[in-house]
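Engineer: Okay, sequence plus prediction incoming.
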There are 2 protein chains.
Amino acid sequence: MRQVLHEAATFVHAVVAPLNRVGDEVGARWRDGAVTMPPGFADAYRAFWQAGWPALAAAPEHGGQGLPVALSFVLYEWLSAANHAWTMAPGLLHGAYECLAHHGDAALQARYLPKLASGEWLATMCLTEPHAGSDLGLLRTRATPCDGDTYRIEGTKLFISGGEHDLTDNIVHLVLARLPNAPAGAKGLTLLLAPKWLPDGQRNAIVCERIEDKMGLHGSPTCVLRFDGATGWLVGQPHQGLAAMFVMMNAARLHVALQGIGLLDAAWQKAHDYAQQRQQMRAPRRRDPTQAADPIIDHPAVQRLLDTQRAWVDTGRVLAYHTALQLDVAHHHPDPAVRRAAHTWCALATPVLKAAWTEQAFHGASDCLQVFGGHGYVREWGIEQIVRDVRVTMIYEGTNEIQAQDLLLRKTLPDGGAALRALLEGLRGDPQAAATPAWLDGCQRLLELLGALAAASEAQRLALYPVAGDWLRAVAITLMGWARARLGATDATWDAGAGAAFDRWVWPQQGWHCQMVEQALARA
Amino acid sequence: MRQVLHEAATFVHAVVAPLNRVGDEVGARWRDGAVTMPPGFADAYRAFWQAGWPALAAAPEHGGQGLPVALSFVLYEWLSAANHAWTMAPGLLHGAYECLAHHGDAALQARYLPKLASGEWLATMCLTEPHAGSDLGLLRTRATPCDGDTYRIEGTKLFISGGEHDLTDNIVHLVLARLPNAPAGAKGLTLLLAPKWLPDGQRNAIVCERIEDKMGLHGSPTCVLRFDGATGWLVGQPHQGLAAMFVMMNAARLHVALQGIGLLDAAWQKAHDYAQQRQQMRAPRRRDPTQAADPIIDHPAVQRLLDTQRAWVDTGRVLAYHTALQLDVAHHHPDPAVRRAAHTWCALATPVLKAAWTEQAFHGASDCLQVFGGHGYVREWGIEQIVRDVRVTMIYEGTNEIQAQDLLLRKTLPDGGAALRALLEGLRGDPQAAATPAWLDGCQRLLELLGALAAASEAQRLALYPVAGDWLRAVAITLMGWARARLGATDATWDAGAGAAFDRWVWPQQGWHCQMVEQALARA
């Protein structure tokens, strides 16, 4: 595993990172329905898939290497940190692979799985339509049965990342649509596979109408795709499309969390370097009294800012990699109870990681920009690009507000808080966390609040809607506290720097967010 | 005054607002030392000054209209909301006018004041150098005595807004430099005036080397200016340049606060409109059960988000316009004690308004972007431009960290908290605030903390550096609470919407920020 990560680091550093700025400045270009990727992107992608990177965690029977998902998490975090836009291309591969591996029939698997496992072909997730973003139940794209096992797809899809490009010979679109006489709403959606190039070598009737002009992520084409009677095949059962798509969506949400962690680390690295070099003003404790000014890292407000981001990055990694391990446990462990517990962890951790770490990535990257002063606002140092690029992570694959609703309304309230309670009780058994009185107090407050949520009246439940985000944040910081206890026990330097920053500047927020939820319950 | 504001609204709406997007998309262009402004900018600026808008608050003896500063505050808030980049051009006029009116000699005033009062010529503030941003004591630009009363200026200035453009016939640069044998540090700086075109019609030796490629504000050229032996005249006394420049800087800081308020309002207006039109998901309380989805403004998380920004904008206006009134009182009131109190208000409110409302403007505009989902991340709706443009307000005219230090280290601690205590005691006498128990409690907590700050040991003072931002925020929210009480008493609809949002979602933060300061004192 060390060797794999070493090779990954080399590849990311030498091939992917150098293309980050040209991706932003030149961007993807649309012309007459074709999309040209920024200079160097296609060569880097060919090198990437031919070296076997997409196949890292795919099953050996489909040509994959069968390595732990955790390794692919580290790889994607690094790729995102180095070049978010480029990484959007392979970012959806693993989810599409999993989706097809779970729900595709044998013929479809034989035709597409090996190419998706290897990354020779790329994939998209076609959900959004102009009038239907968060609310997939409003989708109107239609699929009607056609010759043999094929369907004819008609409709327009919006915000399709990598919907068209020149990176691969084919693009595999996974499309949510409605069959004739499908029930209204989200329960009437069916998943179909529609390739850019059909098996007979014909171009499918899928037209890229334009790409969006975005705040950031210029190197990733965000496409409007018109399905003009395109040919597709069923993936899974009719009207069960949402469940099939959610296999892909959950994988994507964790990838978005990794983007947040990686980009926040990249922002920290830039700001930390700059703060060591840049000398302005005298710090309260002077490093070298013969100098006219001190490095700005010696200014306590800068130190607080940087250490706080470090605490978020490092605890986020603990939680994300632990989640990756649980994904493998949930798939492969012989004991069903262990598999269930692992699945529970993943179900709860996914919205928490996605929302809390993307929010922090944007605000923390903006804080890192602030370390540069005016120099941060100009393109030169690359920090403003991170702020623009990372902003989208709070939106796509389910907005952070949707994640908060998912945690509160689907994963906390329906079982009376039982799953989250079991998870927190498990963390309390951890020796490092159990040796941290402040964390135990906070955990206890969260557990009591969980009891109050479970016992809430109908009016109280309504009053919880505006504080769903506070609930998610309280849970996130509680999980961070567990990770912080573990990290602090193994690394004294970390404990004194980022660990102390967490205790002082982050941990109090756990109580504040609990307070917002408690007050909402009390008011109702 | 109503008529003036009505005319201002008409001008801003008809002439300035329509140029906002072209300013972003085309931007200012540099070529061979000359800068071409975006299409339409020059015509709009000519119409602006010829209609007399810059002269609104200038003294009649210099050709001004002598109207209250408060009117010019409203005008600049609206201009910034409509087109931040364009407004950067006249934004520094009033400060330059005040600086010259206070510190310029008669000859310099006669030559430049009328043109600056009318806005026929524009002005810049040349402070920053590549190695000296927040720390002006490190400046190296030199000014050496020359023929007659002139000086020869040599050095390079960075981040000069409007340092070169095609809007006016002349540009008046106010430049901080060092005379020969000047003391080291900030006490050795001298202010000089150096025009682009000299009185004899010759071009001065000031070269625009390039303009910056920035995150936003593309329509405002941020220039690198090389003073290549440029001719300048003293403004005020040798080595007293920083004091003279601070007349301009304080005016600029209040203008930046107005940019924050205005742009946050613009973001709110866009998001509020969109949230009424866009229908997604069912709200917990349904507006029309026959529709498949509800307007997203009916979703409690969206309502919280929008009302919170409304509370920030409206309380910010109360505080900013009150500050404008105090500026006039400080200049014109016959009673010296009243003038002193007004001056104290301005000195304390300036860093608070600048830092707290620009920080909220960025984060609140990003929240408003979130209301649009994926549509907010694309250029179409103009909301992402606001997020990019407003980000710089947290940096320029003294970073928000500098503002926090200014409030804590220069305006709170040196007098043992007396000035701030007097200000807060004054607000406690206000009948609406005095009728708000939660506000009185918070104000009391802040006053007690003020006592603890005044009595702090040396070690405790050191521990306060990283929480200077919390102190500023605690003061800001306390002032907001006073404004909120006044607004709530006069407008029942506001009281139930933005006022209630303030009580629920903003006011608790006053206690959190007090807690951070209290804990820092307790730890030391």
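Structural biologist: Now that the structure is in, tell me what you want to look at.
Engineer: Name the SS class of A:Cys208, please.
Structural biologist: Using DSSP: H, G, I helix; E, B strand; the rest coil, the structure places A:Cys208 in strand.
Engineer: And the pLDDT at the nearest residue to it once chain neighbours are set aside?
Structural biologist: When the adjacent residues along the chain are set aside, A:Cys208 lies closest to A:Glu164, with 3.7 Å between them (C-beta to C-beta, 6 or more residues apart in numbering or on different chains). (Glycine included, C-beta is placed from N, CA and C.) With respect to pLDDT, A:Glu164 has a value of 98.
Engineer: which stretch of helix or strand covers A:Glu164?
Structural biologist: Here A:Glu164, judged by DSSP states H and E, is contained in no helix and no strand.
Engineer: and the gap between it and chain B?
Structural biologist: 17 Å (C-beta to the nearest C-beta, to the nearest Å).
Engineer: isn't that residue right next to A:Cys223, touching?
Structural biologist: Yes - counting by C-beta atoms under 8 Å, A:Cys223 is a contact partner of A:Glu164 at 5.3 Å.
Engineer: A:Ala501: helix or strand, and which one exactly?
Structural biologist: Applying DSSP H and E, one finds A:Ala501 within helix A:500-501.
Engineer: What separation is there between whichever residue of the stretch 51-200 of chain A sits closest to chain B and A:Thr141?
Structural biologist: Closest to chain B within the stretch 51-200 of chain A is A:Asp135: 4.1 Å, counting by C-beta to the nearest C-beta. Noted for A:Asp135: a distance of 14 Å to A:Thr141, by C-beta to C-beta, to the nearest Å.
Engineer: Looking at these two, which is more packed in?
Structural biologist: Neighbour totals were compared for A:Asp135 and A:Thr141, and A:Thr141 leads with 23 against 20 (other C-beta atoms under 10 Å in any protein chain shown).
Engineer: mind listing what the more buried one touches?
Structural biologist: Counting by C-beta atoms under 8 Å, 6 or more residues apart in numbering or on different chains, A:Thr141 touches A:Glu129, A:Ile153, A:Glu154, A:Gly155, A:Thr156, A:Lys157, A:Val175, A:Leu176, A:Ala177, A:Arg178, A:Phe227.
Engineer: Quickly list the domain ranges of chain A.
Structural biologist: According to automatic domain parsing, chain A comprises the domains A:2-239, A:244-279+A:294-523.
Engineer: Distance to B:Ala337 for these - can I get that in CSV?
Structural biologist: Shown next, in CSV, are these (distance: least, C-beta to C-beta, whole Å):
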stretch, distance to B:Ala337
domain A:2-239, 51
domain A:244-279+A:294-523, 36
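Engineer: So which of the ones you listed is nearest B:Leu327?
Structural biologist: B:Leu327 lies closest to domain A:244-279+A:294-523 among the domains of chain A, at 27.1 Å (C-beta to C-beta).
Engineer: related to what we said a few turns ago, pLDDT value on the residue lying closest to the residue of the stretch 51-200 of chain A closest to chain B once chain neighbours are set aside, please?
Structural biologist: Once flanking residues are discounted, A:Asp135 sits nearest to B:Gln280: 4.1 Å by C-beta to C-beta, 6+ apart. B:Gln280 carries a pLDDT value of 92.
Engineer: Spit out the contact partners of the residue nearest in space to the middle of chain A.
Structural biologist: The centre of chain A sits closest to A:Val256, judged by C-alpha atoms, centre = their mean, with a distance of 1.1 Å. By C-beta under 8 Å, 6+ apart, the contact list for A:Val256 reads A:Lys354, A:Thr358, A:Thr393, A:Tyr396, A:Glu397.
Engineer: out of the contacts of A:Thr141, who's near chain B?
Structural biologist: Here nothing survives when the contacts of A:Thr141 are matched to chain B using C-beta under 8 Å from any C-beta of the partner chain.
Engineer: Please narrow those to those residing in strands.
Structural biologist: A:Ile153, A:Glu154, A:Gly155, A:Thr156, A:Lys157, A:Val175, A:Leu176, A:Ala177, A:Phe227 (DSSP state E).
Engineer: Give me the pLDDT for the second one.
Structural biologist: It stands for A:Glu154. 98.
Engineer: Can you get me a residue count around it?
Structural biologist: 16.
Engineer: Also A:Phe73?
Structural biologist: When neighbours are defined as other C-beta under 10 Å, A:Phe73 has 24 of them.
Engineer: for chain A, what spans make up the strands?
Structural biologist: Remark: strands assigned in chain A by DSSP E are A:29-31, A:34-36, A:122-126, A:142-145, A:150-161, A:171-177, A:190-195, A:206-211, A:222-234.
Engineer: could I get those strands as a markdown table with distance to B:Ala9?
Structural biologist: Shown next, in a markdown table, are the strands of chain A (distance: least, C-beta to C-beta, whole Å):
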| stretch | distance to B:Ala9 |
| --- | --- |
| strand A:29-31 | 40 |
| strand A:34-36 | 44 |
| strand A:122-126 | 45 |
| strand A:142-145 | 48 |
| strand A:150-161 | 36 |
| strand A:171-177 | 46 |
| strand A:190-195 | 52 |
| strand A:206-211 | 36 |
| strand A:222-234 | 37 |
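Engineer: Select, out of these, the one closest to B:Val207.
Structural biologist: Shortest distance between B:Val207 and the strands of chain A, using C-beta to C-beta, is found for strand A:29-31: 35.3 Å.
Engineer: Which neighbours in the sheet does that closest one have, and how are they oriented?
Structural biologist: Applying DSSP bridges, strand A:29-31 is found paired with strand A:34-36 (antiparallel).
Engineer: average pLDDT for the strand it pairs with?
Structural biologist: The pLDDT scores in strand A:34-36 average 98.
Engineer: same check, this time on stretch A:174-188
Structural biologist: Stretch A:174-188 comes out at a mean pLDDT of 94.
Engineer: Could you do stretch A:405-419 as well?
Structural biologist: 96.
Engineer: What separates the first and last residues of it, distance-wise?
Structural biologist: Using C-alpha to C-alpha, to the nearest Å, the end-to-end distance of stretch A:405-419 comes out at 16 Å.
Engineer: Check which residues of it are buried.
Structural biologist: Neighbour counts over stretch A:405-419 (16 or more other C-beta atoms under 10 Å in any protein chain shown) mark A:Gln405, A:Asp406, A:Leu407, A:Leu408, A:Lys411, A:Thr412, A:Leu413, A:Gly417, A:Ala419 as buried.
Engineer: Many thanks, I have nothing further to ask.
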